[in-house]
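Student: A predicted structure for the sequence below; I have some questions about it.
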Amino acid sequence: MDLFNVYQRWGIEPVRGLGTTLWDAEGNQYTDLYGGHAVISVGHCHPRYVAALKAQASKLGFYSNAVKNSLQETLARKLGEVSGYPDYSLFLCNSGAEANENALKLASFASGRSKLLAFGKAFHGRTSGALEVTDNPKIRSPFNEGDKVTFVPLNDVEQAAKALESGEYAAVIIEGIQGVAGIFEPGAAFMKELRRLCDATDTFLIADEIQSGYGRSGLFFAHQHSGIRADIITTAKGMANGFPIGGVLISPKIEASYGMLGTTFGGNHLACAAAIAVLEIIEDERLIENAANIGAYFKEVLKGDKALKEYRGRGLMIGLEIKDEYLGLRDRLLFEKHFFTGASGKNVIRLLPALSIEKQTAETFVSAWKELTA
């Protein structure tokens, strides 16, 4: 049996990692500035993370949600404290798409409405409901098409207000920072007005923080830069440093009832142990502060660079839009300088390194960038 060939892959196989360093089977060394789509939050094979997984695996790897799991309670309490949402409830699942599915379902349950407002260039996942609010017809099958979702341009207050004034919408879903689109940030004034519009129309505001959350922007959630609170928040990628997990943070205004949500694997013992370790490491090693500081360094030295059309992003969620003449730069960074980076389309390089990245590593990347664009 062959693999179903849906991925474009480089012919490099990492077999070992430590911090922001990867090694392939031949012993070649690489610097990881992408973290597997922003998943590696505290660095590859952090010793405390590895120890937590080993310890839990030696006791109990899994049992279903039909029994009490105190690790879930510990994770919920710790996440509430670190994120600034201690009064919210937590539903645990397995991925970002699943988190968004449950967030949309909750908003519909609680509001009794079915319409949704989303934004141009949005990406919220590849499952059915998440695809409906994803503005990319190339990945939506006919099965995913419907008439429940309205898309308006990001940061367009007038069009958002015109849609919401009907009072027909269950929720607005918005990324804290648009990632797949190429790192586009909703403005603070826009987010505040969106919050006001949602309050005025009894519409739930869902913040998709799957890629932009967990300290990546320099605050725990990117929407917190605008000083607003969301009603529902989704998270996943950096939550357990590579162990599959997702979460939905839910406002006290939404009441739970037995059976309204459910999952077999969500919140399992190993996933919770990994996620607790990540939060402890983030807090103890002050990684959110580090993300803000290293992000500020990148911005200082790269914004205005001659190779760039535009520098976008916050903290360690960075989009480098390249001028046309530098189209081969991402491949050259990998094969000549051994730096893993991400991409959005042909002209945007995404930097999403572990929050633990050291200043020296950032400086080495900048030197390599300058050499290749000289």
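Tutor: Thanks, I have it. Numbers count the residues shown, from 1 in each chain.
Student: going forward, measure contacts and count neighbours with C-alpha atoms only.
Tutor: Fine.
Student: and Ala25, how far is that from His37?
Tutor: Ala25 is 22 Å from His37, where distance means CA to CA, to the nearest Å.
Student: buried stuff in stretch 101-109?
Tutor: Across stretch 101-109, burial judged by 16 or more other CA atoms under 10 Å covers 101-108.
Student: residues in contact with that stretch?
Tutor: 114, 127-130, 170-171, 204, 206, 232-234, 248, 261 (CA atoms under 8 Å, 6 or more residues apart in numbering).
Student: what subset of those is buried?
Tutor: Neighbour-count burial (16+ other CA under 10 Å) applied to these gives 114, 128-130, 170-171, 204, 206, 232-234, 248.
Student: in those residues, find the pair that's most separated.
Tutor: Farthest-apart pair in the buried ones among the contacts of stretch 101-109 is Ser128 and Phe204; separation 20.1 Å (CA to CA).
Student: which residues of the stretch 251-374 of the chain fall in strands?
Tutor: Secondary structure of the stretch 251-374 of the chain, counting by DSSP state E, counting those that start in this stretch: strands at 308-314, 317-322, 339-340, 342-344, 348-351.
Student: elements contacting the last one?
Tutor: When you say that, I think you mean strand 348-351. In this structure, strand 348-351 makes packing contacts with strand 317-322, strand 342-344, judged by 3 or more CA pairs under 8 Å, 6 or more residues apart in numbering; DSSP states H and E.
Student: swap in the second one?
Tutor: Using 3+ CA pairs under 8 Å, 6+ apart as the contact definition, the elements that strand 317-322 packs against are strand 308-314, strand 348-351.
Student: what about Leu194, which helix or strand?
Tutor: For Leu194, the host element (DSSP states H and E) is helix 188-201.
Student: I'd like the next helix or strand past that helix.
Tutor: Sequence-wise, the next helix or strand downstream of helix 188-201 (DSSP H and E) is strand 204-208.
Student: more crowded one of Ala25 and His37?
Tutor: Using other CA atoms under 10 Å, the more surrounded residue of Ala25 and His37 is His37, with 19 against 11.
Student: list the contacts for that one?
Tutor: By CA under 8 Å, 6+ apart, the contact list for His37 reads 211, 237, 342, 352.
Student: ok, now Thr74?
Tutor: Ile276.
Student: now do it against Ile254, distance only.
Tutor: Separation of Thr74 from Ile254 (CA to CA): 21 Å.
Student: quick one: the helix holding Leu194 to strand 204-208, angle?
Tutor: Interaxial angle, helix 188-201 versus strand 204-208 (axes from the mean of the first three to the mean of the last three CA atoms, to 10 degrees): 140 degrees.
Student: could you pull out the buried residues of helix 188-201?
Tutor: By 16+ other CA under 10 Å, the buried positions in helix 188-201 come out as 188, 190-195, 197-198.
Student: which among those gets closest to Leu302?
Tutor: Closest approach between the buried residues of helix 188-201 and Leu302, by CA to CA: Ala188, at 23.6 Å.
Student: skipping its backbone neighbours, what lies nearest the closest one in space?
Tutor: Closest residue to Ala188 apart from its sequence neighbours, by CA to CA, 6 or more residues apart in numbering: Ser226 at 4.4 Å.
Student: can you list the low-confidence ranges for the stretch 201-350 of the chain?
Tutor: Along the stretch 201-350 of the chain, segments meeting pLDDT under 70 are nowhere present.
Student: thinking again about what came up before, next step: the buried ones among the contacts of stretch 101-109 restricted to strands.
Tutor: Applying DSSP state E to the buried ones among the contacts of stretch 101-109, the entries found in strands are 170-171, 204, 206, 232-234, 248.
Student: let me know the closest of those to Thr150.
Tutor: The shortest gap between Thr150 and any of these belongs to Ala171, at 10.9 Å (CA to CA).
Student: quick one: contacts for that closest one?
Tutor: By CA under 8 Å, 6+ apart, Ala171 lies in contact with 104, 107-108, 115-117, 203-206.
Student: tell me the SS of the most centrally placed residue in the chain?
Tutor: Nearest residue to the geometric centre of the chain (CA atoms, centre = their mean): Gln211, 1.1 Å. Three-state call for Gln211 (DSSP: H, G, I helix; E, B strand; the rest coil): coil.
Student: quick check: it touching Val180?
Tutor: No. The pair Gln211 / Val180 is not scored as a contact, 9.2 Å apart, by CA atoms under 8 Å.
Student: measure stretch 328-344 end to end?
Tutor: Chord length of stretch 328-344, first to last residue, is 14 Å (CA to CA).
Student: quick one: buried residues of it?
Tutor: Within stretch 328-344, the residues that qualify as buried are 329-330, 332-334, 337-344, counting by 16+ other CA under 10 Å.
Student: nearest to Val157, of the residues you listed?
Tutor: For the buried residues of stretch 328-344, the nearest to Val157 is Ser344 (25.6 Å; CA to CA).
Student: ignoring the adjacent residues along the chain, who's closest to that closest one?
Tutor: Nearest residue to Ser344, sequence neighbours excluded (CA to CA, 6+ apart): Gly182, at 5.1 Å.
Student: ok, that neighbour to Glu280 distance?
Tutor: Gly182 sits at a distance of 30 Å from Glu280 (criterion: CA to CA).
Student: equivalent analysis for Gly266, please.
Tutor: Counting by CA to CA - Gly266 and Glu280 are separated by 21 Å.
Student: these two - which one has more neighbours?
Tutor: Taking neighbours as other CA under 10 Å, Gly266 and Glu280 compare with Gly266 leading, 22 against 16.
Student: so who does the residue nearest to Ala188 touch?
Tutor: Applying CA under 8 Å, 6+ apart, the residues contacting Ser226 are 187-189, 191-192.
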